[in-house]
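Q: kindly return the folded structure for what I paste below:
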Amino acid sequence: MANFYEQLAVLESLRDVANHDQFARIPEDWWVVITDIRGSTQAIAAGQYKAVNLIAACSIVAVLNGAGNVGIPFVFGGDGASLVIPAQLLEPTRQALVATQSMAKQAFQLDLRVALVPVAVVHQSPYELRVARLRVSPEYTQAIFIGGGLKFAETLIKDPRTAPQFAVQWPQGSEPQADYSGLECRWQDIRSPYGETLSLLISATSSDERQSTQIYQEVLEQIERIYGTGSQRRPVSLQSLHLTFQDRQLQLETLVHQGRQPLLVQAWYRLRLKLENLLGWCLMRLRLGVWGSYPQLVVSATDFEKLDDLLRMVIASSPDQRQRLTQYLETRFRQGELAYGIHISDRAVLTCLVFERDGRQVHFVDGADGGYALAARDLKTRLNL
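A: As a prediction, the model looks like this:
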């Protein structure tokens with residue numbers, strides 16, 4: 001069943017989430033991977049929001065590189081990630097996760113929690129893990145999850161009574177390794193063309209799966225009425241993409257790939273990134289080779305809306321549009337149908353996984369200054385009311 005994910009149906013729109021026949025139950029012998037950064041709110045308050053995003057992306061790329069050609073469903077959550085892997089990838093995944101945990105601590109002083117939960121344990125609960133693929137671009141399909149299984153797995157790894165059972169361990173005396181090839185962080189923050197960038201989380205409160213997905217479908221239809229099509233509300237556009245040449249921003253990628261090297265080696269790596277960016281900028285301006293269409297590929301492969309038992313979206317918004325959306329969500333919240341969390345910034349942040357310049361790649365997008373992590377705090381406040 002290693003090719004289970006690649007054989008799944010592909011949805012053409014997230015609004016098709018209510019079509020349950022398109023979702024498949026994840027095999028019992030697979031494993032759920034959960035990563036998240038402890039104390040992410042404090043790290044964000046200290047100005048480390050880009051590092052938080054980057055480490056979450058690192059936990060994804062490390063697992064994907066260890067998986068080879070096996071298709072792995074995953075979702076980027078801002079301050080963490082969720083993936084599901086077949087049993088044959090358990091050991092390389094364990095090594096990649098522990099290595100990323102160590103790198104996060106040494107290079108960024110961030111505490112990355114990593115855990116593995118058997119899918120069989122999830123399916124013994126009242127919840128299940130069901131997945132489909134959503135077409136984002138011709139080169140990229142995004143995993144979407146329903147059934148409550150990811151939420152349940154997260155509660156297991158955060159509950160002090162059960163967390164030790166699922167925490168990832170590595171034998172003493174050995175040094176775990178991870179491959180972060182393809183990870184890039186080379187774009188400037190992306191300004192909203194309408195004044196605001198919303199990081200939005202929505203959780204349907206019904207215990208009935210069909211009712212929950214119906215609520216998500218209705219919310220998405222309302223969002224389309226307020227904001228227009230995906231291309232109109234997407235927080236990344238051709239006009240907003242600008243490569244960075246600042247040492248401070250390029251240092252993040254440098255620490256991931258060269259963090260254990262001497263400072264002189266790190267400085268050379270940053271210089272190399274600047275030269276690559278300069279060359280890329282020239283080739284994009286001249287529209288030569290794959291670089292002529294590369295900006296459009298970046299825009300089309302951004303994961304700005306997804307579902308992993310929560311509806312997650314990053315939206316380019318005007319204040320008036322945001323007010324209309326908030327009024328709609330507040331009404332449905334007071335009716336007991338959903339809870340929501342919003343974080344408002346004026347720009348988005350892009351962290352990229354690029355495996356082929358003219359092909360397979362995904363660009364993780366989050367709101368600046370905290371994005372999903374602070375929207376999650378807002379969501380939890382409403383859930384606890």
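Q: please enumerate the strands of the stretch 151-300 of the chain.
A: Assignment of strands within the stretch 151-300 of the chain using DSSP state E, counting those that start in this stretch yields the ranges 183-184, 190-191, 196-204.
Q: helices or strands up against the first one?
A: The reference is to strand 183-184. Judged by 3 or more CB pairs under 8 Å, 6 or more residues apart in numbering; DSSP states H and E, the packing partners of strand 183-184 are helix 49-67, helix 247-258, strand 347-354. Quick note: C-beta positions are derived from backbone N, CA and C, even for glycine.
Q: name the residues that touch that strand?
A: Residues outside strand 183-184 that contact it (CB atoms under 8 Å, 6 or more residues apart in numbering): 54, 57-58, 61, 253, 256-257, 351-354.
Q: which strands border it, and is each parallel or antiparallel?
A: Here strand 183-184 is paired, per DSSP bridges, with strand 347-354 (antiparallel).
Q: convert the strand it pairs with to PDB, retaining C-alpha atoms only.
A: These are the backbone C-alpha positions of strand 347-354, laid out as PDB (Å, rounded to 0.1, in the frame of the first residue of the first chain):
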ATOM      1  CA  ARG A 347       1.800  40.800   4.500                       C
ATOM      2  CA  ALA A 348       2.400  37.100   4.000                       C
ATOM      3  CA  VAL A 349       5.500  35.000   4.400                       C
ATOM      4  CA  LEU A 350       6.600  32.300   1.900                       C
ATOM      5  CA  THR A 351       8.700  29.300   2.700                       C
ATOM      6  CA  CYS A 352       9.500  27.000  -0.300                       C
ATOM      7  CA  LEU A 353      10.100  23.400  -1.100                       C
ATOM      8  CA  VAL A 354      11.500  23.200  -4.600                       C
END
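Q: just to confirm, which helix or strand has residue 100 in it?
A: helix 90-108 (DSSP states H and E).
Q: what's the end-to-end length of stretch 85-95?
A: 14 Å (CA to CA, to the nearest Å).
Q: now the closest residue to residue 377 other than its chain neighbours, what are its backbone angles?
A: In space, and not counting its chain neighbours, residue 377 is closest to residue 41: 6.2 Å by CB to CB, 6 or more residues apart in numbering. Reported as degrees, to the nearest 10, the phi and psi values for residue 41 are phi -60, psi -40.
Q: same question for residue 365.
A: Dihedral pair for residue 365: phi -120, psi 140, per degrees, to the nearest 10.
Q: list the residues that contact the residue nearest to residue 377.
A: Taking CB under 8 Å, 6+ apart, one finds 370, 373-374, 377 in contact with residue 41.
Q: top of those by neighbour count?
A: Top of the contacts of residue 41 by neighbour number is residue 373, holding 27 neighbours under the definition other CB atoms under 10 Å.
Q: secondary structure element for it?
A: Using DSSP H and E, residue 373 falls within helix 371-383.
Q: neighbours around residue 252, how many?
A: Residue 252: 20 surrounding residues under other CB under 10 Å.
Q: model confidence over the lengthiest helix in the chain, on average?
A: As assigned by DSSP state H, the longest helix anywhere in the chain is helix 263-286. Helix 263-286 shows a mean pLDDT of 95.
Q: and that helix, what does it pack against?
A: helix 247-258, helix 294-300.
Q: as JSON lines, the ones you listed with mean pLDDT and distance to residue 80 would be great.
A: JSON lines is the format used below for the helices and strands packed on helix 263-286 (pLDDT from 0 to 100; distance: least, CB to CB, whole Å):
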{"stretch": "helix 247-258", "mean pLDDT": "95", "distance to residue 80": "17"}
{"stretch": "helix 294-300", "mean pLDDT": "92", "distance to residue 80": "23"}
